[in-house]
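Participant: Based on what follows, work out the 3D shape:
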Amino acid sequence: MSSDLSSLTLSGELNDPSIVPGRYWHLLADGRLQCDVCPRFCKLNEGQRGLCFVRARQNDHIVLTTYGRSSGFCIDPIEKKPLAHFLPGTPVLSFGTAGCNLTCKFCQNWDISKSRETDTLADGASPQMLARAAKALGCRSVAFTYNDPTIFLEYAVDTAIACRELGIKTVMVSAGYITPDARAELYRHADAANIDLKAFSEEFYRKVCGGHLQDVLDTLEYLVKTTRCWTEITTLLIPGENDANAEIEAMSRWIMDRLGPSVPLHFSAFHPDYKMLDHPPTPKETLLRARDIAMKNGLRYVYVGNVHDEVGDSTYCHGCGDRVIGRDWYALTGWSLTQDGHCRRCGTRCAGVFDGPAGNWGRKRQPVDMRRFAAATRL
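Facilitator: Here you go, the predicted structure:
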(Lines give C-alpha, C1' and ligand atoms only; values in the text may rest on other atoms or scores of the structure.)
Protein backbone atom coordinates (compact mmCIF):
# COMPACT_ATOMS: atom_id res chain seq x y z
CA MET A 1 0.00 0.00 0.00
CA SER A 2 1.35 3.43 -0.90
CA SER A 3 1.59 5.93 1.95
CA ASP A 4 0.59 9.54 1.26
CA LEU A 5 3.40 11.62 2.73
CA SER A 6 2.77 14.82 0.82
CA SER A 7 2.07 16.70 4.06
CA LEU A 8 5.11 15.34 5.92
CA THR A 9 7.28 18.08 7.42
CA LEU A 10 10.89 17.00 7.52
CA SER A 11 12.84 18.14 10.54
CA GLY A 12 16.27 17.85 12.09
CA GLU A 13 18.48 15.43 10.16
CA LEU A 14 15.84 15.25 7.44
CA ASN A 15 16.58 18.82 6.33
CA ASP A 16 19.22 17.21 4.15
CA PRO A 17 17.76 17.57 0.60
CA SER A 18 18.97 14.07 -0.27
CA ILE A 19 16.56 12.63 2.33
CA VAL A 20 12.97 12.65 1.07
CA PRO A 21 9.75 10.88 2.07
CA GLY A 22 9.52 7.40 0.65
CA ARG A 23 6.49 5.65 -0.76
CA TYR A 24 5.18 2.09 -0.40
CA TRP A 25 5.42 1.15 3.29
CA HIS A 26 3.10 0.41 6.17
CA LEU A 27 3.06 0.10 9.95
CA LEU A 28 3.14 -3.38 11.47
CA ALA A 29 1.37 -4.42 14.66
CA ASP A 30 4.69 -4.69 16.51
CA GLY A 31 5.56 -1.06 15.74
CA ARG A 32 8.05 -1.73 12.97
CA LEU A 33 7.63 -0.19 9.52
CA GLN A 34 7.64 -2.53 6.53
CA CYS A 35 9.12 -1.25 3.28
CA ASP A 36 6.95 -2.45 0.39
CA VAL A 37 9.08 -1.33 -2.57
CA CYS A 38 10.63 -4.74 -3.17
CA PRO A 39 9.78 -8.34 -2.20
CA ARG A 40 12.42 -8.28 0.53
CA PHE A 41 9.90 -6.42 2.74
CA CYS A 42 12.47 -5.08 5.21
CA LYS A 43 10.94 -4.46 8.64
CA LEU A 44 12.60 -1.53 10.35
CA ASN A 45 12.84 -0.04 13.79
CA GLU A 46 13.65 3.66 14.20
CA GLY A 47 17.07 4.49 12.76
CA GLN A 48 17.47 1.23 10.85
CA ARG A 49 18.23 0.96 7.14
CA GLY A 50 16.92 -1.68 4.77
CA LEU A 51 19.25 -4.20 3.15
CA CYS A 52 19.47 -1.86 0.17
CA PHE A 53 21.11 0.69 2.54
CA VAL A 54 19.41 3.71 0.93
CA ARG A 55 15.89 3.30 2.33
CA ALA A 56 15.62 3.90 6.05
CA ARG A 57 13.27 4.59 8.94
CA GLN A 58 13.54 8.16 10.18
CA ASN A 59 11.04 9.96 12.43
CA ASP A 60 8.55 7.11 12.02
CA HIS A 61 8.55 7.26 8.23
CA ILE A 62 10.38 5.38 5.50
CA VAL A 63 12.67 7.77 3.63
CA LEU A 64 14.98 7.64 0.64
CA THR A 65 18.42 8.89 1.69
CA THR A 66 20.07 9.36 -1.73
CA TYR A 67 17.68 11.63 -3.61
CA GLY A 68 19.54 13.79 -6.12
CA ARG A 69 22.92 12.18 -5.37
CA SER A 70 24.91 10.02 -7.76
CA SER A 71 28.07 7.95 -7.99
CA GLY A 72 28.79 9.65 -11.31
CA PHE A 73 27.46 10.59 -14.74
CA CYS A 74 28.62 9.33 -18.12
CA ILE A 75 27.43 9.43 -21.72
CA ASP A 76 27.34 5.86 -23.06
CA PRO A 77 26.23 4.21 -26.27
CA ILE A 78 22.69 2.91 -25.77
CA GLU A 79 24.00 -0.51 -26.83
CA LYS A 80 25.98 -0.69 -23.59
CA LYS A 81 22.87 -0.90 -21.38
CA PRO A 82 22.47 -3.29 -23.33
CA LEU A 83 19.63 -2.26 -25.63
CA ALA A 84 19.85 -3.41 -29.24
CA HIS A 85 16.40 -2.32 -30.45
CA PHE A 86 15.95 1.06 -28.77
CA LEU A 87 17.17 4.12 -30.70
CA PRO A 88 20.28 2.31 -32.01
CA GLY A 89 23.51 4.27 -32.20
CA THR A 90 22.35 7.08 -29.93
CA PRO A 91 24.01 8.45 -26.78
CA VAL A 92 22.43 7.96 -23.36
CA LEU A 93 23.23 9.90 -20.18
CA SER A 94 23.84 7.21 -17.55
CA PHE A 95 23.97 7.48 -13.78
CA GLY A 96 23.42 5.47 -10.61
CA THR A 97 23.35 5.98 -6.88
CA ALA A 98 24.46 3.44 -4.23
CA GLY A 99 23.12 0.25 -2.74
CA CYS A 100 21.11 -2.69 -4.04
CA ASN A 101 18.20 -4.85 -2.92
CA LEU A 102 19.83 -8.13 -4.00
CA THR A 103 23.01 -9.73 -2.68
CA CYS A 104 24.49 -11.21 -5.86
CA LYS A 105 27.86 -12.80 -5.12
CA PHE A 106 29.02 -12.13 -8.69
CA CYS A 107 28.10 -8.43 -8.87
CA GLN A 108 30.05 -6.72 -11.67
CA ASN A 109 29.33 -3.23 -10.25
CA TRP A 110 29.87 -4.13 -6.60
CA ASP A 111 31.88 -0.98 -5.80
CA ILE A 112 28.69 1.02 -6.48
CA SER A 113 25.81 -1.32 -5.78
CA LYS A 114 27.32 -2.74 -2.59
CA SER A 115 28.59 0.59 -1.34
CA ARG A 116 27.76 1.49 2.23
CA GLU A 117 29.60 4.82 2.05
CA THR A 118 27.77 8.03 1.24
CA ASP A 119 31.11 9.37 -0.04
CA THR A 120 30.40 7.25 -3.12
CA LEU A 121 27.68 9.76 -3.94
CA ALA A 122 29.98 12.69 -4.62
CA ASP A 123 28.02 14.04 -7.58
CA GLY A 124 24.53 15.43 -7.54
CA ALA A 125 21.79 16.63 -9.84
CA SER A 126 18.13 17.40 -9.48
CA PRO A 127 15.68 15.68 -11.83
CA GLN A 128 15.25 18.91 -13.78
CA MET A 129 19.01 19.39 -14.07
CA LEU A 130 19.44 15.86 -15.39
CA ALA A 131 16.76 16.36 -18.03
CA ARG A 132 18.21 19.69 -19.16
CA ALA A 133 21.74 18.27 -19.19
CA ALA A 134 20.67 15.30 -21.34
CA LYS A 135 19.05 17.63 -23.84
CA ALA A 136 22.00 20.04 -23.91
CA LEU A 137 24.47 17.16 -24.38
CA GLY A 138 22.51 15.71 -27.31
CA CYS A 139 21.40 12.54 -25.51
CA ARG A 140 18.16 10.93 -26.65
CA SER A 141 17.66 9.23 -23.30
CA VAL A 142 18.69 9.00 -19.65
CA ALA A 143 19.50 5.61 -18.12
CA PHE A 144 19.15 4.66 -14.46
CA THR A 145 21.93 2.10 -14.25
CA TYR A 146 25.07 0.92 -12.36
CA ASN A 147 22.71 0.07 -9.50
CA ASP A 148 18.98 -0.63 -9.45
CA PRO A 149 16.43 2.22 -9.86
CA THR A 150 13.96 0.19 -7.80
CA ILE A 151 15.66 1.32 -4.59
CA PHE A 152 15.73 5.02 -5.55
CA LEU A 153 12.23 4.95 -7.00
CA GLU A 154 11.23 8.49 -5.97
CA TYR A 155 14.31 10.03 -7.60
CA ALA A 156 13.93 7.86 -10.72
CA VAL A 157 10.24 8.71 -11.15
CA ASP A 158 10.76 12.45 -10.71
CA THR A 159 13.65 12.36 -13.19
CA ALA A 160 11.62 10.39 -15.72
CA ILE A 161 8.79 12.93 -15.48
CA ALA A 162 11.23 15.84 -15.95
CA CYS A 163 12.80 14.08 -18.94
CA ARG A 164 9.48 13.40 -20.61
CA GLU A 165 8.60 17.09 -20.40
CA LEU A 166 11.69 17.85 -22.54
CA GLY A 167 11.21 14.97 -24.97
CA ILE A 168 13.99 12.86 -23.43
CA LYS A 169 13.29 9.14 -23.00
CA THR A 170 14.25 7.11 -19.93
CA VAL A 171 15.73 3.65 -19.52
CA MET A 172 15.52 1.41 -16.45
CA VAL A 173 18.38 -1.07 -16.08
CA SER A 174 17.08 -3.30 -13.33
CA ALA A 175 16.99 -6.76 -11.81
CA GLY A 176 13.20 -6.52 -11.83
CA TYR A 177 12.95 -7.34 -8.12
CA ILE A 178 10.06 -5.05 -7.23
CA THR A 179 6.53 -5.30 -5.84
CA PRO A 180 3.46 -4.85 -8.09
CA ASP A 181 2.38 -1.42 -6.78
CA ALA A 182 5.86 0.08 -6.91
CA ARG A 183 6.44 -1.55 -10.30
CA ALA A 184 3.35 0.07 -11.76
CA GLU A 185 4.52 3.54 -10.76
CA LEU A 186 8.16 3.14 -11.76
CA TYR A 187 7.49 1.74 -15.22
CA ARG A 188 4.53 4.00 -15.95
CA HIS A 189 7.12 6.69 -16.67
CA ALA A 190 9.78 4.54 -18.40
CA ASP A 191 10.31 4.18 -22.13
CA ALA A 192 12.64 1.18 -22.10
CA ALA A 193 14.03 -1.41 -19.71
CA ASN A 194 16.70 -4.04 -19.63
CA ILE A 195 15.84 -6.62 -16.99
CA ASP A 196 18.64 -8.74 -15.60
CA LEU A 197 17.33 -12.29 -15.44
CA LYS A 198 20.06 -13.75 -13.22
CA ALA A 199 19.22 -17.39 -13.92
CA PHE A 200 16.25 -19.64 -14.45
CA SER A 201 16.52 -21.38 -11.11
CA GLU A 202 14.90 -20.56 -7.77
CA GLU A 203 17.84 -22.19 -6.01
CA PHE A 204 20.29 -19.86 -7.77
CA TYR A 205 18.25 -16.80 -6.87
CA ARG A 206 17.94 -17.87 -3.24
CA LYS A 207 21.55 -18.96 -2.65
CA VAL A 208 23.47 -16.60 -4.92
CA CYS A 209 21.27 -13.49 -5.11
CA GLY A 210 19.21 -13.53 -1.94
CA GLY A 211 15.95 -13.23 -3.87
CA HIS A 212 13.27 -15.20 -5.69
CA LEU A 213 12.90 -16.00 -9.38
CA GLN A 214 9.12 -15.69 -9.66
CA ASP A 215 9.08 -12.01 -8.70
CA VAL A 216 11.39 -11.25 -11.63
CA LEU A 217 9.34 -13.35 -14.04
CA ASP A 218 6.24 -11.46 -12.90
CA THR A 219 7.98 -8.16 -13.69
CA LEU A 220 8.91 -9.36 -17.16
CA GLU A 221 5.36 -10.47 -17.95
CA TYR A 222 3.98 -7.21 -16.60
CA LEU A 223 6.31 -5.09 -18.74
CA VAL A 224 5.80 -6.99 -21.98
CA LYS A 225 2.07 -7.62 -21.68
CA THR A 226 0.67 -4.51 -19.99
CA THR A 227 3.01 -1.56 -20.67
CA ARG A 228 4.49 0.31 -23.61
CA CYS A 229 7.95 0.09 -22.08
CA TRP A 230 10.29 -1.52 -24.61
CA THR A 231 11.88 -4.50 -22.81
CA GLU A 232 15.04 -6.52 -23.34
CA ILE A 233 16.59 -9.21 -21.12
CA THR A 234 20.18 -9.89 -20.07
CA THR A 235 21.52 -13.08 -18.49
CA LEU A 236 25.11 -13.22 -17.27
CA LEU A 237 26.28 -16.79 -17.79
CA ILE A 238 28.53 -18.05 -14.99
CA PRO A 239 30.47 -21.29 -15.59
CA GLY A 240 29.08 -24.13 -13.54
CA GLU A 241 26.28 -22.03 -12.05
CA ASN A 242 23.61 -21.11 -14.62
CA ASP A 243 25.05 -22.15 -17.99
CA ALA A 244 23.72 -25.71 -18.30
CA ASN A 245 21.94 -26.55 -21.54
CA ALA A 246 18.80 -27.65 -19.72
CA GLU A 247 18.49 -24.36 -17.85
CA ILE A 248 19.07 -22.26 -20.97
CA GLU A 249 16.54 -24.42 -22.80
CA ALA A 250 13.93 -23.92 -20.07
CA MET A 251 14.52 -20.17 -19.92
CA SER A 252 14.29 -19.82 -23.70
CA ARG A 253 11.04 -21.78 -23.82
CA TRP A 254 9.56 -19.65 -21.04
CA ILE A 255 10.46 -16.42 -22.83
CA MET A 256 9.03 -17.76 -26.07
CA ASP A 257 5.80 -19.01 -24.48
CA ARG A 258 5.14 -16.16 -22.04
CA LEU A 259 6.73 -13.12 -23.67
CA GLY A 260 6.87 -13.98 -27.36
CA PRO A 261 9.61 -14.31 -29.97
CA SER A 262 10.42 -10.61 -30.31
CA VAL A 263 11.84 -9.82 -26.86
CA PRO A 264 15.63 -9.48 -27.33
CA LEU A 265 17.78 -11.70 -25.13
CA HIS A 266 21.43 -10.92 -24.33
CA PHE A 267 23.80 -13.59 -23.03
CA SER A 268 26.72 -11.85 -21.37
CA ALA A 269 30.13 -13.15 -20.30
CA PHE A 270 31.03 -13.27 -16.61
CA HIS A 271 34.41 -12.19 -15.31
CA PRO A 272 35.59 -13.07 -11.78
CA ASP A 273 34.54 -10.33 -9.38
CA TYR A 274 33.31 -9.55 -5.87
CA LYS A 275 32.67 -12.87 -4.06
CA MET A 276 33.09 -15.14 -7.10
CA LEU A 277 36.79 -14.78 -7.73
CA ASP A 278 37.11 -18.57 -7.79
CA HIS A 279 35.07 -18.95 -10.99
CA PRO A 280 36.70 -18.72 -14.43
CA PRO A 281 35.59 -16.23 -17.09
CA THR A 282 32.82 -17.40 -19.39
CA PRO A 283 34.18 -18.96 -22.58
CA LYS A 284 32.90 -17.41 -25.79
CA GLU A 285 31.77 -20.86 -26.86
CA THR A 286 29.32 -20.96 -23.94
CA LEU A 287 27.64 -17.76 -25.12
CA LEU A 288 27.41 -18.99 -28.70
CA ARG A 289 25.94 -22.29 -27.51
CA ALA A 290 23.34 -20.43 -25.44
CA ARG A 291 22.49 -18.19 -28.39
CA ASP A 292 22.00 -21.23 -30.61
CA ILE A 293 19.69 -22.90 -28.06
CA ALA A 294 17.57 -19.75 -27.67
CA MET A 295 17.22 -19.24 -31.41
CA LYS A 296 16.30 -22.89 -31.97
CA ASN A 297 13.48 -22.31 -29.48
CA GLY A 298 12.10 -19.55 -31.69
CA LEU A 299 13.58 -16.35 -30.24
CA ARG A 300 14.32 -13.93 -33.07
CA TYR A 301 16.84 -11.60 -31.48
CA VAL A 302 19.57 -13.20 -29.38
CA TYR A 303 22.89 -11.50 -28.68
CA VAL A 304 26.21 -12.19 -26.98
CA GLY A 305 27.93 -9.61 -24.82
CA ASN A 306 31.30 -8.88 -23.17
CA VAL A 307 33.03 -10.76 -26.00
CA HIS A 308 33.94 -9.74 -29.53
CA ASP A 309 31.61 -11.40 -32.02
CA GLU A 310 30.11 -9.32 -34.82
CA VAL A 311 27.65 -12.05 -35.80
CA GLY A 312 26.37 -12.38 -32.25
CA ASP A 313 26.24 -8.59 -31.86
CA SER A 314 24.24 -7.94 -35.03
CA THR A 315 20.50 -7.94 -35.76
CA TYR A 316 18.96 -10.04 -38.52
CA CYS A 317 15.59 -9.76 -40.22
CA HIS A 318 13.34 -12.63 -39.17
CA GLY A 319 11.58 -12.38 -42.52
CA CYS A 320 14.42 -12.76 -45.03
CA GLY A 321 17.49 -13.30 -42.85
CA ASP A 322 19.36 -10.19 -44.00
CA ARG A 323 21.55 -8.38 -41.51
CA VAL A 324 19.63 -5.19 -40.76
CA ILE A 325 21.88 -3.75 -38.02
CA GLY A 326 25.58 -4.52 -37.99
CA ARG A 327 27.51 -4.04 -34.75
CA ASP A 328 31.14 -4.29 -33.71
CA TRP A 329 31.20 -4.09 -29.93
CA TYR A 330 28.97 -1.04 -29.34
CA ALA A 331 29.53 0.66 -32.69
CA LEU A 332 27.11 0.32 -35.61
CA THR A 333 28.76 -1.01 -38.78
CA GLY A 334 25.70 -1.48 -40.96
CA TRP A 335 22.11 -0.27 -41.27
CA SER A 336 19.44 -1.70 -43.53
CA LEU A 337 16.23 -0.49 -41.90
CA THR A 338 13.81 2.24 -42.84
CA GLN A 339 13.42 5.09 -40.36
CA ASP A 340 10.48 3.30 -38.73
CA GLY A 341 12.23 -0.07 -38.51
CA HIS A 342 11.27 -2.07 -41.61
CA CYS A 343 13.75 -4.30 -43.46
CA ARG A 344 14.81 -2.55 -46.66
CA ARG A 345 14.93 -5.85 -48.52
CA CYS A 346 11.62 -7.52 -47.64
CA GLY A 347 9.68 -4.94 -45.62
CA THR A 348 9.37 -7.05 -42.46
CA ARG A 349 9.09 -4.94 -39.32
CA CYS A 350 11.97 -5.34 -36.88
CA ALA A 351 10.62 -5.17 -33.33
CA GLY A 352 11.83 -2.20 -31.34
CA VAL A 353 11.79 1.58 -31.00
CA PHE A 354 13.17 3.21 -34.14
CA ASP A 355 12.79 6.91 -34.70
CA GLY A 356 14.69 8.32 -37.67
CA PRO A 357 18.08 7.22 -39.00
CA ALA A 358 20.63 5.32 -36.95
CA GLY A 359 22.73 7.33 -34.53
CA ASN A 360 26.48 7.70 -34.92
CA TRP A 361 27.65 7.93 -31.31
CA GLY A 362 29.86 4.85 -31.65
CA ARG A 363 31.45 3.05 -28.73
CA LYS A 364 32.93 6.01 -26.85
CA ARG A 365 32.20 6.81 -23.20
CA GLN A 366 32.26 10.41 -22.05
CA PRO A 367 32.31 11.16 -18.30
CA VAL A 368 30.30 14.24 -17.32
CA ASP A 369 31.24 16.51 -14.43
CA MET A 370 27.70 17.61 -13.67
CA ARG A 371 28.69 20.42 -11.35
CA ARG A 372 31.10 21.95 -13.84
CA PHE A 373 28.67 21.41 -16.69
CA ALA A 374 25.80 23.01 -14.77
CA ALA A 375 27.96 26.02 -13.87
CA ALA A 376 29.22 26.47 -17.41
CA THR A 377 25.77 26.23 -18.96
CA ARG A 378 23.87 27.84 -16.06
CA LEU A 379 21.52 24.90 -15.78
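Participant: what's near enough to touch the residue nearest to Thr150 when sequence neighbours are not counted?
Facilitator: Closest residue in space to Thr150, ignoring its immediate chain neighbours: Ile178 at 4.6 Å, by Cβ to Cβ, 6 or more residues apart in numbering. Every residue, glycine included, has its C-beta placed from N, CA and C. By Cβ atoms under 8 Å, 6 or more residues apart in numbering, the contact list for Ile178 reads Val37, Cys38, Pro39, Thr150, Leu186, Asp215, Thr219.
Participant: how about 10 Å then?
Facilitator: Residues in contact with Ile178, defined by Cβ atoms under 10 Å, 6 or more residues apart in numbering, are 24, 37-39, 101, 148-151, 153, 172, 184-187, 215-216, 218-219, 222.
Participant: Whichever of those residues end up buried, select them in PyMOL.
Facilitator: Per 16 or more other Cβ atoms under 10 Å, the buried members of the contacts of Ile178 correspond to this PyMOL selection:
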select buried, resi 24+37+38+39+101+148+149+150+151+153+172+185+186+187+215+216+218+219+222
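Participant: Can you tell me which of the contacts of Ile178 end up in helices?
Facilitator: Members of these lying in helices (criterion: DSSP state H): Leu153, Ala184, Glu185, Leu186, Tyr187, Asp215, Val216, Asp218, Thr219, Tyr222.
Participant: and the residues you listed, which two are the farthest apart?
Facilitator: Greatest spacing in the ones in helices among the contacts of Ile178, by Cβ to Cβ: Glu185 and Val216 (18.0 Å).
Participant: Would you mark the buried spots in the strand or helix carrying Ala160?
Facilitator: Ala160 belongs to helix 153-165 when assigned by DSSP states H and E. Residues Leu153, Glu154, Tyr155, Ala156, Val157, Asp158, Thr159, Ala160, Ala162, Cys163 are the ones in helix 153-165 that count as buried (16+ other Cβ under 10 Å).
Participant: where does the stretch 1-150 of the chain dip in pLDDT?
Facilitator: Applying pLDDT under 70 to the stretch 1-150 of the chain flags the ranges 1-15, 108-122.
Participant: now the strands for the stretch 251-379 of the chain?
Facilitator: Secondary structure of the stretch 251-379 of the chain (DSSP state E, counting those that start in this stretch): strands at 265-269, 302-305, 315-316, 323-328, 331-335, 366-368.
Participant: Dump these to CSV, plus mean pLDDT and distance to Cys229.
Facilitator: Below are the strands of the stretch 251-379 of the chain laid out as CSV (pLDDT from 0 to 100; distance: least, Cβ to Cβ, whole Å):
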stretch, mean pLDDT, distance to Cys229
strand 265-269, 97, 17
strand 302-305, 97, 19
strand 315-316, 98, 20
strand 323-328, 97, 21
strand 331-335, 97, 23
strand 366-368, 94, 25
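Participant: Make JSON lines out of the ones you listed and add mean neighbour count and distance to Gly352.
Facilitator: As requested, these are arranged in JSON lines below (neighbours: other Cβ atoms under 10 Å; distance: least, Cβ to Cβ, whole Å):
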{"stretch": "strand 265-269", "mean neighbour count": "23", "distance to Gly352": "14"}
{"stretch": "strand 302-305", "mean neighbour count": "23", "distance to Gly352": "13"}
{"stretch": "strand 315-316", "mean neighbour count": "22", "distance to Gly352": "9"}
{"stretch": "strand 323-328", "mean neighbour count": "21", "distance to Gly352": "9"}
{"stretch": "strand 331-335", "mean neighbour count": "16", "distance to Gly352": "13"}
{"stretch": "strand 366-368", "mean neighbour count": "14", "distance to Gly352": "25"}
